[in-house]
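[1] from the sequence below, what's the structure:
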Amino acid sequence: MSRNKRIMFVVLLDVGILMFAAFLSLFFLSPYVSFSVGHIVSTLGVTSLMYLLFAYGLQIFTKMNHFTTIMEVITLSYCIFLSFSLSTFISLITVRETSLRYFVLHFIFSSIGIIASRVFIRIYFEYDYKKRNTTKSEEAVRTLLVGAGNGGSLFIRNLKNYSNKLNLVGIVDDDVNKQGFLVCGVKVIGTIADIPSLVNDHNVDQVTIAIPSLSPSRVEDIVDACNKGNVAFNQMPYIEDFLLGKMPNISNRDINVADLLGREEVTLDTQTIFENTKGKTILVSGAGGSIGSEIVRQLSRFSPERIVLLGHGENSIYHIHKEMRGEKHSLIHYVPVIADVQDKLRMEEVMRVYKPQFVFHAAAHKHVPLMEYNPHEALKNNVYGTKNIAEASKKYNVDTFIMISSDKAVNPTNVMGASKRIAEMIVTGLNEPDKTVFSAVRFGNVLGSRGSVVPLFQEQIKNGGPVTITDFRMTRYFMTIPEASRLVIQAGMCAEGGEVFVLDMGDPVKILDLAKKIVKLSGYSEKEIPLIETGIRSGEKLYEELLIKNELTERKVFDKIFVGRSKPEPLLSIYRNLARWEMLTAEELRDEWLEYTNEQPIVKTISQKRDVRASVSMVQESTANI
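    Reported below is the predicted structural model:
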């Protein structure tokens, strides 16, 4: 049924109920009160007109009646009350012979009839959906729910309305006052500590956490209990999905390592971002990568006119372009551009054709060990590539250029970090008054990004172990992909030119502890999947820094975004070195870069140099043998 037909159906239904309620009222009152036909027609006409006017103003007829809630019922009652109050007042003024008993009875019958029609429509749709999606009881997944609070009750209500695929066997909650009570018909049968025994007693197939605000330590306790009971675990969908009526199309979420690290949700200044990006053209380089693609997704919430998806890999650009062309963002024009940032003329062409107001530069080589073996590729892509796209942005009057940098750019001990530091120098050095605003955003490791340690550990666990850690003392800063992307966009709105923004990464995480959590989430113990130390690799640090000593500042432009004092480096000095760097050997380039970009003296022994040469030789030999 089309939208207009649905609206007409509801209008006719409500008017019909008003008429039926009027005649029902006359039937009950006729032994006591006499009414003329003209009186009946006029009062019914005034009441119906008032109802239609108020219903139109309160958007009664455009609501999805198969999702009727208490709020819709309250709005409907309010509409009926206003309609009858005003029609009664008009009748009292214009018609001398008016029965208040008739209006009261008409109001009661009409309220019952109209509200009951909405309830009946919802019941019908829910019954029809359940009938079409019925799962045999023996095939339903036997589920133990964790949480007897608001989250649990919301999950159970929606589950009963929309799904027969789960069979709730009970609820566990650590609140002793809830033990034995029913929540929406499901009994609280124990505590979190009882999960292993309850799994065996009730043949539980999975445990679902329904406490949205649960702390990471408590999530870990539940995971431990589930592992003891050898049962699968997950968590309820996002609350927003329930509120938006998406329950039939969504499933429970897996618990991932980010849930155990406890990163707080980032709240953006959405109004400022919306005002700055609405109707604008935005270019994202590296748009097919982990960070670049998430920046595209986040920016799409703020209604830009066009987003240029620039990337070198056609497959990744194809996938993000296909994803973003969905109906959800149909008003935004997404332009897939296959281009290499190393191509200076191509970068100028892209800027000239699309004329973006914002550029988020996320394209880069980021893999530390690979760049140790290929320093000239880091020079071409991370340094020359950044120079090309930044200079093209300035030439074609881009408003704001934001470069995605790394904490490895601080006192770098590896080629990748050094290349990022030089790129920062170029970007911040391009600032001039009343021209393109250039800034860099620096943050640490991103959970789940391509090439990060998390997928590596997961692959090692999948293959039966062991999980390899270069040094048990090693720590790193971690952030989720959505969190990092949101803060990058927010920093872009705060940029004035020349800043190096630093994201608050929270406390550093020991890689050993991270590996233990991933083993636990995979359903294994450390006895089953051992953790071994392999020795620190060339270019690695035991810990990362976010600011060089002379960059330290307490200036904070937004929650979790700090501004470091950028040390200006003359562009002429950097550009003069570029051609010379191309002529150096891999080891010479590495040594010179580390010396050039470090605030601290680099002390490297002969044995360390020999280790680097040996590592490169081993890679070359293994490559030759393939």
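
[2] going forward, measure contacts and count neighbours with C-alpha atoms only.
    Noted.

[3] what residues of stretch 84-97 count as buried?
    For stretch 84-97, burial by neighbour count (16 or more other CA atoms under 10 Å) applies to F84, S85, S87, T88, S91.

[4] residues contacting the spatially most central residue of the chain?
    Per CA atoms, centre = their mean, the C-alpha nearest to the average position across the chain is that of P482, at 5.2 Å. Residues in contact with P482 (CA atoms under 8 Å, 6 or more residues apart in numbering) are E294, I295, Q298.

[5] the helix or strand hosting it: what's the following helix or strand?
    Per DSSP states H and E, P482 falls inside helix 481-494. Later in the chain than helix 481-494, the nearest helix or strand by DSSP H and E is strand 500-503.

[6] that following strand: how far from the chain's middle?
    21 Å (CA atoms, centre = their mean, to the nearest Å).

[7] counting contacts, what elements does that strand pack onto?
    Other helices and strands packing on strand 500-503, by 3 or more CA pairs under 8 Å, 6 or more residues apart in numbering; DSSP states H and E, are strand 437-443, helix 481-494, strand 561-564.

[8] list the contacts of the helix or strand that that strand is followed by.
    As assigned by DSSP H and E, the chain's next helix or strand after strand 500-503 is strand 509-510. Strand 509-510 is contacted from outside by F472, R473, M474, T475, R476, Y477, F478, using CA under 8 Å, 6+ apart.

[9] now the first one: phi and psi?
    The main-chain torsion angles of F472 are listed as degrees, to the nearest 10 and equal phi -60, psi -20.

[10] how many neighbours does it have?
    18 (other CA atoms under 10 Å).

[11] please list all residues in contact with the residue nearest to it when sequence neighbours are not counted.
    Nearest in space to F472, with sequence neighbours left out and distances taken as CA to CA, 6 or more residues apart in numbering, is L512 at 5.5 Å. By CA under 8 Å, 6+ apart, the residues touching L512 are I469, F472, R473, M474.

[12] export those to CSV and append columns for secondary structure.
    CSV is the format used below for those (DSSP: H, G, I helix; E, B strand; the rest coil):
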residue, secondary structure
I469, strand
F472, coil
R473, coil
M474, coil
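
[13] and which of the residues you listed is nearest F54?
    M474 (66.2 Å; CA to CA).

[14] returning to what we had before: comparing the helices and strands packed on strand 500-503, which comes out most buried?
    Counting by mean count of other CA atoms under 10 Å, strand 437-443 has the highest mean neighbour count of the helices and strands packed on strand 500-503, with a mean of 28.

[15] just checking, what packs against that one?
    Using 3+ CA pairs under 8 Å, 6+ apart, strand 437-443 sits against strand 400-406, helix 415-429, helix 481-494, strand 500-503.

[16] can I get the last one in PDB, CA atoms only?
    If I follow you right, that is strand 500-503. Presented in PDB, the C-alpha positions along strand 500-503 are these (Å, rounded to 0.1, in the frame of the first residue of the first chain):
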ATOM      1  CA  VAL A 500      50.100  19.500  15.000                       C
ATOM      2  CA  PHE A 501      47.000  18.200  16.700                       C
ATOM      3  CA  VAL A 502      47.500  15.300  19.100                       C
ATOM      4  CA  LEU A 503      44.600  13.000  20.000                       C
END
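
[17] just the buried positions in the helix ranked longest in the chain, please.
    Using DSSP state H to define each element, the chain has its longest helix at helix 100-132. The neighbour-count check on helix 100-132 (16+ other CA under 10 Å) flags 102-103, 105-107, 109-111, 113-115, 117-119, 121-123, 125-126, 130 as buried.

[18] need the next SSE after it, C-terminal direction.
    strand 141-146.

[19] confidence score at the closest residue to K278 other than its chain neighbours?
    Closest residue in space to K278, ignoring its immediate chain neighbours: P304 at 4.5 Å, by CA to CA, 6+ apart. The model reports P304 with a pLDDT of 92.

[20] lowest-scoring secondary structure element of this structure by mean pLDDT?
    helix 606-625 (a mean of 38; mean pLDDT, DSSP states H and E).

[21] list the contacts of F61.
    Per CA under 8 Å, 6+ apart, neighbours of F61: I7, V10, V11, A55.

[22] just the ones of the residues you listed in helices?
    Among those, the members found in helices (DSSP H) are I7, V10, V11, A55.

[23] touching stretch 302-321 from outside, list them.
    Applying CA under 8 Å, 6+ apart, the set of residues contacting stretch 302-321 is 270, 273-274, 277-289, 293, 296, 331-341, 354, 363.
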